[in-house]
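1. A predicted structure for the sequence below; I have some questions about it.
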Amino acid sequence: MTRVEASTVEPVAPAEPAVAPRAPGGWAWWLAVLLAWALLLATPAAVRLPPETRDQVRSLTQGLEFDHAVWTWDALRLKVHYAALNPERLWTPPQQRDLVLAYRETVRAIEAREADLQQVYGDPGLDPAAREQAAAPLRAELQRLYARREHLAPLAEEIIQAQVSVVLAEVGLTVGGQPLPPVLYHVSPLPWGLVISPRTVIRQDAFVTLRPDLTLEEHIALETRVEQALNVSALVVPVGGVGTYPTMVMQTSDLRWQIETVVHEWLHNYFDWHPLGWHYTRDPQVRTMNETAATIGGQEIGRRVVARFYPELLPPPPPPQTPATDAGSATPPEPAFDFQREMRITRERVDALLAQGRVAEAEAYMEARRQVFWEHGYRIRKLNQAYFAFYGAYADSPAGGAAGEDPVGAAVRALRAQSPDVGTFLRRIAWMSSFADLQRAVAQGEASP
């Protein structure tokens, strides 16, 4: 996911009130409704493809696909267990905060020890005996940390869910003070995503989730099989979150990023109850509207959650700029490589070549540009139509990036600029079912005094 700050929220003073209450009563009814909906979302499908092509894709990914139904059932069982315990009411707000920060530090320690272990096994200067001697205490420490993470993670998730719910209520995205659907997420290893685009135009025709344990070699082999069998562009991509229910979120010690992702994925759930979500798989422009709005909302609301409950994690304000003493004598700095600008240039050129039917030339150009990005430290393994079809849907940055000249992202950003607050923006766009709806809304906003 694109993670570029598009706007800011003023820090809010730390608050003492407890986290949001649960939905009143009727747990059995709620669970029946949410379970049916969750299992519906747990059945991913290749989209836009005719049935025979869809069957071909599935024949190529058979045995490699992620089992969403099993994951959803396991995650829901965990959520039901801890929701009945209701841990966020067992502790005061400072205690809740300490527990979440303890979980964060545990994950950070796991990341450090896993890196140490990888270094030990990759060190060519160690013989087998020395390697085992160095690895044994690291493995023992990791087992202790894994056990601590297993204990803390479900409790931290419950607390963060409730903290996000507080802020969703503040911005007006709740019904009777309760988010609908309730905020539910679970941290786990995430599946990979197989993206398929036609070669002649940049358009996501299919997205198939794959098992998280697949190797890079298996990714490359699958891409090759799909491209040769269907004459398409294919790419296996990593994801930071998946909008199933409960949503999947990647493990990280970056609490700010994690909270933004929790909000982003919940917004997909929220949109699924509105026209913007109903048309997600039918219209590429609506998909871009959905993803861009979720990114903008995730950043703004996520920052507000952090400002309220973890204000010390907010980045410091930028230092004030001082005027140059002698601007005329100053040597202008060498222009830095701007990834977003260069990616936008690349996308626009590719679009132009494809529009002229020069597919082979466009593909050769993308490979040449990939090498330029690689030389500047951006390790893009494969730059093709599928890459742009996936990353181009996240058009929250004015620089364009992989979205190129796509007018959809600019219109979504314009609607946000015209809206008095993020809640109003999200409620308005949720009821839109086409890019034409968005264009009309933006035009009306520009025409109003």
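-> In hand now; what should we look at?

2. what's the neighbour count on residue 429?
-> Residues contacting residue 429 under the criterion other C-beta atoms under 10 Å number 27. Glycine gets a C-beta too; all of them are placed from N, C-alpha and C.

3. Am I right that it is in contact with residue 412?
-> Yes - here residue 429 lies in contact with residue 412, judged by C-beta atoms under 8 Å, at a distance of 7.0 Å.

4. Now do the shared contacts for those two.
-> Counting by C-beta atoms under 8 Å, 6 or more residues apart in numbering, the common neighbours of residue 429 and residue 412 are 289, 293, 438.

5. Can you tell me which of these comes closest to residue 352?
-> Proximity of the shared contacts of residue 429 and residue 412 to residue 352 (C-beta to C-beta) peaks at residue 289, which lies at 24.0 Å.

6. The closest one contacts residue 429, doesn't it?
-> Yes - here residue 289 lies in contact with residue 429, judged by C-beta under 8 Å, at a distance of 6.5 Å.

7. shared neighbours of the two, which are they?
-> Contact criterion C-beta under 8 Å, 6+ apart; residues bridging residue 289 and residue 429 by contacting each: 276, 412, 438.

8. In terms of distance to residue 76, which of these ranks first?
-> Closest to residue 76, out of all of these and judged by C-beta to C-beta, is residue 276, at 24.9 Å.

9. So which elements touch the helix or strand hosting the closest one?
-> In this assignment (DSSP states H and E), residue 276 forms part of helix 275-278. With contacts defined as 3 or more C-beta pairs under 8 Å, 6 or more residues apart in numbering; DSSP states H and E, the packing partners of helix 275-278 are helix 255-272, helix 284-309, helix 422-430.

10. and for the helix or strand just after the last one, what are the contacting residues?
-> Proceeding N to C from helix 422-430, the next assigned helix or strand is helix 435-447, under DSSP H and E. Residues from elsewhere that reach helix 435-447 (C-beta under 8 Å, 6+ apart): 283, 285-286, 289, 408, 411-412, 414-415, 418, 428-429, 432.

11. Quick check: buried residues in helix 435-447?
-> 435, 437-439, 441-442 (16 or more other C-beta atoms under 10 Å).

12. Just the buried ones among the contacts of helix 435-447, please.
-> With neighbours counted using 16+ other C-beta under 10 Å, the contacts of helix 435-447 contain these buried positions: 285-286, 289, 408, 411-412, 414-415, 418, 428-429, 432.

13. Pick out the most distant pair among the contacts of helix 435-447.
-> Greatest spatial distance in the contacts of helix 435-447: 283 and 418, 22.5 Å, computed using C-beta to C-beta.

14. circling back: would CSV of the shared contacts of residue 289 and residue 429 with pLDDT and distance to residue 233 be doable?
-> Output for these, formatted as CSV (pLDDT from 0 to 100; distance: C-beta to C-beta, whole Å):
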residue, pLDDT, distance to residue 233
276, 94, 27
412, 93, 25
438, 94, 27
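
15. nearest to residue 206, of those?
-> Within the shared contacts of residue 289 and residue 429, proximity to residue 206 (C-beta to C-beta) peaks at residue 276, which comes in at 20.9 Å.

16. what's the angle from the longest helix along the chain to helix 422-430?
-> When every helix of the chain is counted residue by residue (DSSP state H), the longest turns out to be helix 128-170. Regarding helix 128-170 and helix 422-430, their directions subtend 90 degrees when assessed with axes from the mean of the first three to the mean of the last three C-alpha atoms, to 10 degrees.

17. Point out where the stretch 151-300 of the chain drops to low pLDDT.
-> For the stretch 151-300 of the chain, not a single residue meets the criterion pLDDT under 70.

18. rewinding a little: now do the longest helix of the chain: which elements does it pack against?
-> Judged by 3+ C-beta pairs under 8 Å, 6+ apart, helix 128-170 is in contact with helix 68-85, helix 93-122, strand 178-179, strand 185-187, helix 255-272, helix 284-309.

19. Now that we have these, can you turn them into a markdown table and tack on distance to residue 236?
-> What follows is these, written out as a markdown table (distance: least, C-beta to C-beta, whole Å):
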| stretch | distance to residue 236 |
| --- | --- |
| helix 68-85 | 17 |
| helix 93-122 | 22 |
| strand 178-179 | 33 |
| strand 185-187 | 22 |
| helix 255-272 | 20 |
| helix 284-309 | 19 |
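
20. Distance of residue 93 relative to residue 153?
-> If you measure residue 93 against residue 153 using C-beta to C-beta, to the nearest Å, the figure is 20 Å.

21. now swap in residue 418 and tell me
-> In this structure, residue 418 lies at 40 Å from residue 153, with C-beta to C-beta as the measure.

22. Residue 57 now?
-> Residue 57 is 34 Å from residue 153, where distance means C-beta to C-beta.

23. More neighbours: which of the two?
-> Comparing residue 57 with residue 153 by other C-beta under 10 Å, the one with more neighbours is residue 57, at 21 against 18.

24. Need the per-residue pLDDT for that one.
-> Taken from the predicted model, the pLDDT recorded for residue 57 is 85.

25. Helix or strand for it, just tell me which one.
-> When secondary structure is defined using DSSP H and E, the element that contains residue 57 is helix 51-61.

26. Same question for that helix: list its buried residues.
-> Judged by neighbour count (16+ other C-beta under 10 Å), helix 51-61 contains these buried residues: 53-54, 56-57, 60-61.

27. Same question for stretch 272-282.
-> Residues 272, 274-277, 279-281 are the ones in stretch 272-282 that count as buried (16+ other C-beta under 10 Å).

28. now swap in stretch 340-352 and tell me
-> Neighbour counts using 16+ other C-beta under 10 Å place 340, 342-344, 346-347, 349-351 of stretch 340-352 among the buried residues.

29. Same question for residue 234, what's its three-state structure.
-> Three-state call for residue 234 (DSSP: H, G, I helix; E, B strand; the rest coil): strand.
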